[in-house]
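K.L.:
Compute the structure for the input listed below.
(chains A, B and C)
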Amino acid sequence: MDFSSINPILLLASLMVAATPIILAAAGELIVERAGVLNLGVEGMMITGAITGFIATVTTGSPWIGFAAAAVGGAGLSLLFGFLTQFLLSNQVATGLALTLFGLGLSALLGQGYNGIKAPEFPKIDIPVISDIPVLGPILFSHDPMVYVGLGLIAGIWYFLKYSRAGLVLRAVGENHEAAHALGYHVIRIRILAIMFGGACAGLGGAYISLVRVPQWTDGMTAGAGWIALAIVVFASWRPWRLLIGAYLFGGVTVLQLNLQAAGIAIPVEYLAMSPYIATILVLVLMSAGRAPGSLGKIFHASR
Amino acid sequence: MLTLEKRPQPSKAWVYAAPILAVVITMIVGGAVFALLGKPPLEAIRTIFYDPIFGEFASYSRPQLLIKAGPLILIAIGLSFGFRAGIWNIGAEGQYIIGALAAAGTGLAFYPMEARWLIFPLMIIAGLAGGMLWAAIPAFLRIRFKTNEILVSLMLVYVAEAIQASMALSLLRNPDGHGFPGSRNLSQYSSSANLELISNSGIHWGVLAAVTAVVFAYFILARHRFGFDVRLAGQSPRAAGFAGVDAGRMIFICMLISGGLAGAAGMFEIAGPAGRVSIDFNVGYGFTAIIVAFLGRLHPVGILIAGLLMALTYIGGELAQLSLGLPDAAIQLFQGMLLFFLLAVDVMTSYRIRFGKTE
Amino acid sequence: MTDTLLELRGLTKAYPGVVANSDVSFTIGMGEVHALMGENGAGKSTLVKTIYGLVRPDTGSMMLNGAVYEPSEPRAARASGVAMVFQHFSLFDALNVAENIALGMENPPAMGDLAARIREVSDQYGLPLDPDRIVGDLSAGERQRVEIIRCLLQDPKLLIMDEPTSVLTPQEVEILFKTLNILRAEGTSILYISHKLEEIRTLCEHATILRHGKVVGNCDPRQTSARDMAEMMVGASLHVPEKAPHEAGEVVLSIRGLSAPAPHQFGTALKNISVDVREGEVLGIGGVAGNGQDELVAALSGEMKTAAGMVVIDGREIGRLGPNERRAAGLCAAPEERNGHAAAPDMSLTENALMTGAVRKNLVKNGLLDWPAAKAFAEEVIKAFDVRTPGPANAARSLSGGNLQKFVIGREIMQKPRVLVINQPTWGVDAAAAASIRQAILDLAVSGTAVVCISQDLDELREISDRFAALNEGKLTPPRRAKGLTIDEIGLMLGGAHDMEVAHVDA
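P.N.:
Down below sits the predicted model:
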């Protein structure tokens, strides 16, 4: 066992990378849930984004096109969920589960022949000057662009929900869809848009795993990240900045256990591997959740 | 424009028609997907749905049908109680694994003692208890801390998989296995083996247990107060509280039933078809059973039929893989599609479509 | 004051199986307070939603200020100067007052400016309101104020008010009427929907009466007797429930220092409630919505458990028992919400009969359900209470509100309870069904049952109560003999216009 191989600066830097897929997916789901929709299909949308992004990147050689394709793939799959739950009024829990099962199958099918290929590298950008700051530089300012996209997304969502008119309407729809309808807001249209946004974000999160973190394709490679993203939304009490804390907490546990594995600690690998999931459960238990949006998961049908 | 209008009564006809229609649409769309993959669609559909029962090698695949359907039905019956009551245990896969590990551990603890009358029943009890224990965790957390049972039960699947790997590598590893991972073969140890009861029929103790569960569940739902309370809790939680149904107790019982049956399914599997604890002996029955439960309308007889159908797609899928080179992911997709289409056509049960202008 | 603001011409709207509005025509003058009257189900809501752009008529047209008016959605209606105060508030509990108001406006100013405008307008019309408060924490009267101010900020030409006084104390009603009179003087027209005749007679100068979707009469309410208007509304003279003379007997139900925390974030805590109810007595409990009614029913029915001695029946402490044990002890209850609380909408009437009747009607033996007996019980209720349904196999939600309410109340009454607790027995029920429900409650009391009737309808409580008490912020006033209580005294028991002062302090 050799703890000296663990470099705290690298550890914190990789924590930010490990948290990014979760941040992306959870940010999307946060918007979906604030609109009053519970989409349990995050895992399915992530894995679909992971493969569509991977295919597009390998085909075109451009990770940027890959991420765009992942967003489209995730949003496309989410539309299935949106159509079923918003127009055909299906149960959101069951439909979300179906989306996950379907997405896992679809991605495995699409991914035939892509196993074992390495994705083209997504270069890091060292932000000039500040990335040279000792300690803080490598931790915060020397990452690939998607890390900053994730952070920007959180800030954007925070601003959108708190200060914009559209954000207010979205919250209103999620809080009480009957009242929003009575005031003349298009509940279903707003929710479909939110669901697509959530799908696109989940797709980006998935692609981040297949293009940056791993970076190659294997079946079922998201390994529960979508579920963890869902848990973090609950942990965050549906608030954007708290979501960041949750994702870093999770990223921290993940990175630490990987480092401990590498350091050859006496705990068997399998028990280290389960630690992120147990940490997620503990976090869900210890943090008493805030108040969920009033109409979360309820079926809306405009009657007379 | 089409508008949906709520029916005053759920349509009886659509309750039965929806799953059949869903299967038909899945076959059509699935066929189209197979065609896109460059496989002959009709032949693929025939290979999946017809050949396992009536085809050339049917005498081999027919018993397989029951072997696969047994655990699916057993788990789905358990899940159906919770799903009806609005309690979402989606971690049956984990409960299945823990049940299997508990049973295997119990069986192997007695190795090589010969006492089937003692060991086999003990293993069944261990399987039930293991599954129940694993399901009791999300149940307890939900009741005590209001923690979401969906997320916790699912997280515990990943934990269970890690434990399973660890067991295969250390505690339950076969001491005579030359260092390879995996336990002794339980199906070759006469005190623990869950063998076919009638040769070449596919019927083992797990299949009998599944049929018993179907009958029992039917009786409970139709005639017993508990079945009534389950339905009431799912349809109108507040009304259930008013009728005197204790919500916490309901969560606990439903989770224990589903966990116990999933654990039992794991036991029958590990002592029979799977044989031994390996790093990844679980094949996703716990997840597929969710589809089975919904496709069967959460009704015991429906689940029986849906379980057989889903087993058919597994076996037919394997055949299609062999004969047509159809990727096994296509079957997974096919199963997901089935659930999707069911949820889509299900709207007809409670709503009717009206043509005309919207408001 | 004779210029026409809004003219409705032959509006018809049909839904499958029911014609909600049939050839409805009338006009509203500028600065006129126009009453739209009718029973539940007469088509008032559909008509109002048509004017507000939520429903499009099948045939017919509307003219606003001489121009064709066809609002495709509420936004268009608001842009044309039509504003609406909803009966079931269109408010968002988790948002604050200013956000709620912004949502009801087309082009709201920046939040800071809006808050200032809210303060200004609310002072101007005597409706004090703090823009930063969370709406879920407001009282019913304050919540209504949010809706009204939301409308006023848009300078409406026509203000639609749907049953605005059902959540107010008599004193608050007076304040509301003052506000409406200011508006009238400023030239705003008001369409005032109500079934409370006395209110209409004090406030409105014109009334249109709807029955079964048709206009059945027009009148000047100031010149027409309440009795005549009631008959136009109902289409027949009404049976007034009567109670046979009898003496109250032994104390059956004792509530002793009942306190309980609020069950959820926007709930009400019960504070030290004590009262006795005797055999054959009806205790009426009034109060504005959200003052602890649901919580009190839950604490009595057993859905919410308390310390054992807080609820006592026939000397037996039952505070810790669950609903079925309390039923066995003789206490039956009927909560306010029919759909999903008192009844399971998707279940059959037989199943709904079983839901609460299992214990006292012996419908479950050794855990096994006795379906034939449950069906017989459901049929018994249907017959005795004249529930209009093809049979007990029909789903509860297929019944009209009044019929389902008759079934729900009948189900409890037929169990011959020692104590019956009911919340809002005739809420949303047509007059004929309401009269028969009230009569059934009185008959039950005469047979010796102690009845606790919680209601927001003060006329109803005055009609059936022997003693009257009021719930106010989770506290119960000492009960007083109902006979001879004036509406002003009742109003003060309900808390008077307490909301006003509270709001002033906060603002």
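K.L.:
all contacts plus neighbour counts: C-alpha atoms, from now on.
P.N.:
Fine.
K.L.:
residues contacting the residue nearest to residue C:363 when sequence neighbours are not counted?
P.N.:
Counting by C-alpha to C-alpha, 6 or more residues apart in numbering or on different chains, residue C:363 lies nearest to residue C:370, which is 5.2 Å off, once chain neighbours are set aside. By C-alpha atoms under 8 Å, 6 or more residues apart in numbering or on different chains, the contact list for residue C:370 reads B:223, C:363, C:364.
K.L.:
Next: residue B:271.
P.N.:
B:104, B:186, B:187, B:192, B:193, B:194.
K.L.:
Spatially nearest residue to the residue of the stretch 1-150 of chain C found nearest chain A, not counting backbone neighbours?
P.N.:
Closest approach between the stretch 1-150 of chain C and chain A, counting by C-alpha to the nearest C-alpha: residue C:90, at 4.2 Å. Of all residues not flanking residue C:90 in the chain, residue A:179 sits nearest, at 4.2 Å (C-alpha to C-alpha, 6+ apart).
K.L.:
tell me what the helix or strand containing the one you found is packed against?
P.N.:
Under the criterion of DSSP states H and E, residue A:179 resides in helix A:177-182. Packing partners of helix A:177-182 (3 or more C-alpha pairs under 8 Å, 6 or more residues apart in numbering or on different chains; DSSP states H and E): helix A:165-175, helix A:187-208.
K.L.:
Tabulate the contacts of residue C:370 in a markdown table, adding columns for distance to residue C:27, pLDDT and neighbour count.
P.N.:
Output for the contacts of residue C:370, formatted as a markdown table (distance: C-alpha to C-alpha, whole Å; pLDDT from 0 to 100; neighbours: other C-alpha atoms under 10 Å in any protein chain shown):
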| residue | distance to residue C:27 | pLDDT | neighbour count |
| --- | --- | --- | --- |
| B:223 | 60 | 94 | 17 |
| C:363 | 57 | 94 | 23 |
| C:364 | 59 | 93 | 20 |
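K.L.:
can you put those residues in a markdown table and add distance to residue C:397 and secondary structure?
P.N.:
A markdown table is the format used below for the contacts of residue C:370 (distance: C-alpha to C-alpha, whole Å; DSSP: H, G, I helix; E, B strand; the rest coil):
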| residue | distance to residue C:397 | secondary structure |
| --- | --- | --- |
| B:223 | 23 | helix |
| C:363 | 23 | coil |
| C:364 | 25 | strand |
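K.L.:
coming back round to it: what about the contacts of residue B:271, which are in helices?
P.N.:
If you go by DSSP state H, the contacts of residue B:271 have residue B:104 in helices.
K.L.:
Of the contacts of residue B:271, just the buried ones, PyMOL syntax please.
P.N.:
To isolate the buried members of the contacts of residue B:271 in PyMOL, using 16 or more other C-alpha atoms under 10 Å in any protein chain shown:
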select buried, chain B and resi 104+186+187+192+193+194
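K.L.:
Sort out for me which of the contacts of residue B:271 are in strands.
P.N.:
Per DSSP state E, strands hold no members of the contacts of residue B:271.
K.L.:
low-confidence ranges in chain B?
P.N.:
B:1-2, B:356-359 (pLDDT under 70).
K.L.:
At the contact with chain B, which residues of the stretch 1-150 of chain A appear?
P.N.:
Within the stretch 1-150 of chain A, the positions near chain B by C-alpha under 8 Å from any C-alpha of the partner chain are A:84, A:88-91, A:94-95, A:98-99, A:101-106, A:108-109.
K.L.:
re the thing from before, among the helices and strands packed on helix A:177-182, show me which one is buried the most.
P.N.:
Mean neighbours per residue, mean count of other C-alpha atoms under 10 Å in any protein chain shown, is largest over the helices and strands packed on helix A:177-182 for helix A:187-208, with a mean of 28.
K.L.:
Residue C:254: neighbour count?
P.N.:
Residue C:254 has 21 neighbours, counted by other C-alpha atoms under 10 Å in any protein chain shown.
K.L.:
so it bridges to which residues?
P.N.:
residue C:276, residue C:312 (DSSP bridges).
K.L.:
Please give me every residue in contact with it.
P.N.:
C:274, C:275, C:276, C:277, C:310, C:311, C:312, C:313.
K.L.:
which of these tops the neighbour count?
P.N.:
That'd be residue C:311 among the contacts of residue C:254, by other C-alpha under 10 Å, with 26 neighbours.
K.L.:
That residue and residue C:475: what is the separation?
P.N.:
16 Å (C-alpha to C-alpha, to the nearest Å).
K.L.:
how much space between residue C:377 and chain B?
P.N.:
Counting by C-alpha to the nearest C-alpha, to the nearest Å, the gap from residue C:377 to chain B is 16 Å.
K.L.:
So which elements touch the helix or strand encompassing that residue?
P.N.:
Using DSSP H and E, residue C:377 sits within helix C:371-384. Judged by 3+ C-alpha pairs under 8 Å, 6+ apart, the packing partners of helix C:371-384 are helix C:349-357, helix C:401-413.
K.L.:
wait, isn't the residue nearest to residue C:90 in contact with residue C:93?
P.N.:
No: assessed by C-alpha atoms under 8 Å, residue A:179 is found out of contact with residue C:93, at 10.5 Å.
K.L.:
Relative to chain B, which residue of the stretch 101-250 of chain C is the closest?
P.N.:
As assessed by C-alpha to the nearest C-alpha, chain B sits closest to residue C:213 within the stretch 101-250 of chain C, at 18.5 Å.
K.L.:
Name the nearest residue to that residue, sequence neighbours excluded.
P.N.:
Using C-alpha to C-alpha, 6+ apart, the nearest residue to residue C:213 is residue C:21, at 4.1 Å.
K.L.:
so what's whichever residue of the stretch 101-250 of chain A sits closest to chain C up against?
P.N.:
When scored by C-alpha to the nearest C-alpha, the stretch 101-250 of chain A has residue A:179 as its residue closest to chain C, at 4.2 Å. By C-alpha under 8 Å, 6+ apart, the residues touching residue A:179 are A:173, C:89, C:90, C:91, C:92.
K.L.:
Recalculate using a threshold of 10 Å.
P.N.:
Applying C-alpha atoms under 10 Å, 6 or more residues apart in numbering or on different chains to residue A:179 gives the contacts A:172, A:173, A:185, A:187, C:86, C:88, C:89, C:90, C:91, C:92.
K.L.:
Counting neighbours, which of the residues you listed comes out on top?
P.N.:
residue A:172 (31 neighbours).
K.L.:
In this structure that residue contacts residue A:186, no?
P.N.:
No: taking contacts as C-alpha atoms under 10 Å, residue A:172 lies outside contact range of residue A:186: 11.2 Å.
K.L.:
returning to that earlier point: which of the contacts of residue B:271 lies at the shortest distance from residue C:262?
P.N.:
residue B:104 (49.6 Å; C-alpha to C-alpha).
K.L.:
My guess is the closest one contacts residue B:182. True?
P.N.:
No: in this structure residue B:104 lies outside contact range of residue B:182 using C-alpha under 10 Å: 11.4 Å.
K.L.:
shared neighbours, the two?
P.N.:
What both residue B:104 and residue B:182 touch, as defined by C-alpha under 10 Å, 6+ apart, is the set B:172, B:276, B:277.
K.L.:
In contact with the closest residue to chain C within chain B, which residues?
P.N.:
Scanning chain B for proximity to chain C using C-alpha to the nearest C-alpha identifies residue B:239 as nearest, at 4.0 Å. Residue B:239 is in contact with B:232-233, B:245, C:335, C:337-345, C:352, C:355-356, counting by C-alpha under 10 Å, 6+ apart.
K.L.:
so which strand or helix has it?
P.N.:
Element membership for residue B:239 (DSSP H and E) is helix B:237-242.
K.L.:
The stretch 151-300 of chain B: helices as residue ranges?
P.N.:
Ranges of helices within the stretch 151-300 of chain B are B:205-223, B:225-235, B:237-242, B:247-271, B:285-295, B:300-324, based on DSSP state H, counting those that start in this stretch.
K.L.:
Just checking, which helix or strand of chain A averages the lowest pLDDT?
P.N.:
The weakest-scoring helix or strand in chain A, judged by mean pLDDT, DSSP states H and E, is helix A:136-140 (a mean of 73).
K.L.:
hmm, who's touching that one?
P.N.:
For helix A:136-140, contacts defined as C-alpha under 10 Å, 6+ apart pick out A:8-17, A:126-133, A:142-143, A:147-148.
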